[in-house]
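Undergrad: have a look at this fold, sequence not included:
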């Protein structure tokens, strides 16, 4: 069993005890991983996570234990919508991944890549393992956006059309176009291609 309070040995004095070799190796691999690792249970409640995940979101090693994942999202709406989308896909495949805007402890918003594996496909939100990677260096959040604008932006950067985005979000194509137009105004983009380039940090 993984121990979230595990204290890794000093880098120059690593010694693995034969009697608990597998457990110690698992702990070292989990806590030293360069990407954020997270295990959730009890319907999107945080069970444990590694140092990279804690550093990414600005929390201490045990500060998030038994807390809902909603504290890491910009809004409750985005928490719920993302969960619904992930659950629908994971019930079919057991896997889900996307690029989304998340919230640091300080309130700062940042783009990250998330990939999850359901423990039980029949009930994917009950328990799952996740990998998180901060991609804000190549995709900064450069403007203050509304909840819906962030959701539309999330699918625009994946190359989805307004019709596809509307289907994902349960809104009309015309409503998506209206949000896209406001995004273009906020980011001073003259075309959809320029808007996407600015959203992903590749300014034309």
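TA: All right, it came through fine. Nothing here was measured: the structure is a model prediction, and the numbers come from that model.
Undergrad: can you give me the strands for this structure?
TA: 36-41, 45-49, 95-103, 109-118, 128-134 (DSSP state E).
Undergrad: what angle separates the shortest one from strand 36-41?
TA: Per axes from the mean of the first three to the mean of the last three Cα atoms, to 10 degrees, the angle that strand 45-49 makes with strand 36-41 is 140 degrees.
Undergrad: list the buried ones in strand 45-49?
TA: Going by neighbour count (16 or more other Cβ atoms under 10 Å), the buried part of strand 45-49 is 45-49. From N, CA and C alone the C-beta is placed, and that goes for glycine too.
Undergrad: cool, and the longest one?
TA: Of the residues in strand 109-118, those buried under the neighbour-count criterion (16+ other Cβ under 10 Å) are 109-114, 116-118.
Undergrad: tell me which strands and helices that strand is in contact with?
TA: If contacts are counted by 3 or more Cβ pairs under 8 Å, 6 or more residues apart in numbering; DSSP states H and E, strand 109-118 sits against helix 76-93, strand 95-103, strand 128-134.
Undergrad: that strand: partners in the sheet, and parallel or antiparallel?
TA: As defined by DSSP bridges, the strand partners of strand 109-118 come to strand 95-103 (antiparallel), strand 128-134 (antiparallel).
Undergrad: and residue 185, which of the ones you listed is closest to it?
TA: Distances from residue 185 to each of these were compared using Cβ to Cβ; the minimum, 19.0 Å, belongs to strand 95-103.
Undergrad: in that closest one, what counts as buried?
TA: Of the residues in strand 95-103, those scored as buried under the neighbour-count criterion (16+ other Cβ under 10 Å) are 96, 98-103.
Undergrad: for residue 13, report the pLDDT, please.
TA: With respect to pLDDT, residue 13 scores 41.
Undergrad: same question but for residue 158, I mixed them up
TA: 82.
Undergrad: torsion angles phi and psi at it?
TA: phi -90, psi 0 (degrees, to the nearest 10).
Undergrad: that one reaches residue 97, doesn't it?
TA: No. Taking Cβ atoms under 8 Å as the contact criterion, residue 158 and residue 97 are not neighbours in contact, 10.7 Å apart.
Undergrad: and the helices in the protein, which stretches?
TA: 21-32, 51-57, 76-93, 147-156, 162-169, 173-186, 192-199 (DSSP state H).
Undergrad: turn those helices into CSV, columns for distance to residue 136.
TA: Converted to CSV, the helices of the chain look like this (distance: least, Cβ to Cβ, whole Å):
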stretch, distance to residue 136
helix 21-32, 22
helix 51-57, 10
helix 76-93, 17
helix 147-156, 14
helix 162-169, 22
helix 173-186, 18
helix 192-199, 12
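Undergrad: most tightly packed of those helices?
TA: For these, the stretch with the most neighbours on average is helix 147-156, a mean of 22; neighbours defined as mean count of other Cβ atoms under 10 Å.
Undergrad: what's in contact with that one?
TA: Applying Cβ atoms under 8 Å, 6 or more residues apart in numbering, the set of residues contacting helix 147-156 from outside is 74-75, 77-78, 81, 98-101, 145, 164-165, 168-169, 171, 176, 179-180, 182-183, 186, 192, 195-196, 199.
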